[in-house]
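Novice: Prediction below, plus the sequence it came from.
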Amino acid sequence: MRFPGAKDAKQRADCLAYLKQVTRPGGQLAQPRAPMGGGAAHKLKTLDVASRVHSIAYCRDTYKVTTADSKTRDFCERNLCFKTDSSDDGPEKGAPAILHAGVMGARASVIFAAPDEISRLITHQC
């Protein structure tokens, strides 16, 4: 994506001030990081209904993920990852979690308690 830059000095200064504010510890964009080696950054058993997956439908190149609050989001198949976390911080068995990532939540990971849960939850539906 091309960006010609901000030519106005005040706009550049405002942008820099904003970025400094939100990226400092405790700022809006500060997120807990997963420890090196792949540990969980979130306690997936305690996520709210908007982060608990109820169903996943697959059609052509799109996954439709419906959460426990009855909202459905579409994800291009390359933008949705399926992962497992059997640790104490992982999701409850049968209650996978979705963690959004990327610009505007365009990418996400659905995290299951065990690998065998993945194929049982996804239905082919066009």
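Specialist: That came through fine. What you are looking at is a predicted structure, and each value in this text was computed from that prediction instead of being measured. Numbering: from 1, shown residues only.

Novice: next SSE after the lengthiest helix in the chain?
Specialist: Using DSSP state H, we find that the single longest helix of the chain is helix 9-23. Note on helix 9-23: by DSSP states H and E, the next helix or strand toward the C-terminus is strand 53-59.

Novice: Note down every partner strand of the following helix or strand past that next one and its orientation.
Specialist: Using DSSP H and E, the helix or strand that directly follows strand 53-59 along the chain is strand 62-67. Here strand 62-67 is paired, per DSSP bridges, with strand 53-59 (antiparallel), strand 72-76 (antiparallel).

Novice: Residue 79: neighbour count?
Specialist: 15 (other CB atoms under 10 Å). In short, each C-beta sits where N, CA and C put it, glycine included.

Novice: rewinding a little: between the strands paired with strand 62-67, which gets nearest to residue 12?
Specialist: strand 72-76 (33.9 Å; CB to CB).
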